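[1] coordinates for the following, if possible.
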Amino acid sequence: MQRRQFLALTAAFPALAAKIDVPTRSVKVIQTYKSPGPKPNGLQATRDGLWILDQGDNRAYLVDYDSGKVLRALETESKAGSGITFDGEAIWIASTYSREIIRADARTGKTIAKYASPGSGVVAWTAGRASPLAPKPAAPRADAPPKKAPGAKQATGAHGLEWKDGKLWISNPPSQKIYRVDPKSWKPELEFATAGDRPHGLGWEGDWLWCVDSNLNGFYKYDTKVGKIHECIQLSDADPLPHGMSIWQGWMWYCDDVGVVCKFKLR
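    Here you go, the predicted structure:
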């Protein structure tokens, strides 16, 4: 990581500075198309297409990789959903504000089962990194009344989800951890700390697990056996902000919740 980038991150998120000293590289991001929903927040690549979970309309969309054409659109019981994955039969959805993980029919969106999200609670940050694509806030009027002090933060749950070998992997911002859960017993079998305080999308590259951190604006590659970070892909300040993420045929796909789906070559 370049010294300028490191100092900028340290200034913005000082508590995270000690965690990001790993080999780092940059990539060229391609904005592929607009998401079918207003606030895409979760992605999952499959043979049938790319699943997109939208936090704004709480729908799950299956789209064509190349064109973004909607192949399927499902209503879900998610409340501001943040993550989605596919187990070969059904989709799993991280319902952020109900602090649940939902297993739903991949054809109809009908809920099959609901589970409590591990690691739920209140997030650590007060003002997270914003997307460079987001509209700039209007300047306050001179006669505008003073703003009220913010109230207590709402508790939230899991964000990123990934399925592998019969296990569900979960990233959780409030606890700043990644969990591996046995869906039969619904007990965490393994957990380890994340690079930063806003872990989001997950994706497998062989035996390596990548996890996005939205506040750090980067992708971190983990050895899941020991929870050690081996590499970071650092986005530029001008790139769309990463939220949901998935990997397909050598490409890292991610979404910015302002409505954009992006990708870059992983190697």
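[2] could you point out which element follows the strand or helix carrying Ile170?
    In this structure, Ile170 is located in strand 167-172 according to DSSP states H and E. Using DSSP H and E, the next helix or strand after strand 167-172 towards the C-terminus is strand 177-182.
[3] follow-up on the earlier one: so what are the sheet partners of the strand holding Ile170 and their directions?
    Sheet neighbours of strand 167-172, with direction, are listed as strand 160-164 (antiparallel), strand 177-182 (antiparallel) (DSSP bridges).
[4] could you identify which of those is most buried?
    Each of the strands paired with strand 167-172 was given a mean neighbour count from mean count of other CB atoms under 10 Å, and the largest, a mean of 24, is that of strand 160-164. For every residue, glycine as well, the C-beta is placed using N, CA and C.
[5] pull out the buried positions in the strand holding Ile170.
    167-172 (16 or more other CB atoms under 10 Å).
[6] export the residues you listed to TSV and tack on distance to Glu205 and pLDDT?
    Formatted as TSV, those follow (distance: CB to CB, whole Å; pLDDT from 0 to 100):
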residue	distance to Glu205	pLDDT
Lys167	17	98
Leu168	18	98
Trp169	13	98
Ile170	18	98
Ser171	16	98
Asn172	21	98
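[7] ok, so of these, who is nearest Thr32?
    Ranked by distance to Thr32 (CB to CB), the buried residues of strand 167-172 are led by Ser171 at 23.1 Å.
[8] Tyr254 sits in which helix or strand?
    Secondary structure here is read from DSSP H and E; on that basis Tyr254 sits in strand 251-256.
[9] helix or strand right after the helix or strand of the chain with the lowest mean pLDDT?
    The element with the least model confidence among the helices and strands of the chain, by mean pLDDT, DSSP states H and E, is helix 3-12, at a mean of 42. Downstream of helix 3-12, the next assigned helix or strand under DSSP H and E is strand 24-25.
[10] so what does that next one touch, helix or strand wise?
    Packing partners of strand 24-25 (3 or more CB pairs under 8 Å, 6 or more residues apart in numbering; DSSP states H and E): strand 228-234.
[11] ok, residues contacting the strand it packs on?
    The set of residues that contact strand 228-234 without belonging to it, under CB atoms under 8 Å, 6 or more residues apart in numbering, is 1, 5, 19-20, 22-27, 195, 208, 217-223, 252, 264.
[12] reformat the strands paired with strand 167-172 as CSV; add distance to Asn58 and mean pLDDT.
    Conversion of the strands paired with strand 167-172 to CSV gives the following (distance: least, CB to CB, whole Å; pLDDT from 0 to 100):
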stretch, distance to Asn58, mean pLDDT
strand 160-164, 16, 98
strand 177-182, 23, 98
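[13] for those strands, give me a markdown table that also has distance to Gly83.
    Formatted as a markdown table, the entries for the strands paired with strand 167-172 read as follows, by distance: least, CB to CB, whole Å:
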| stretch | distance to Gly83 |
| --- | --- |
| strand 160-164 | 4 |
| strand 177-182 | 12 |
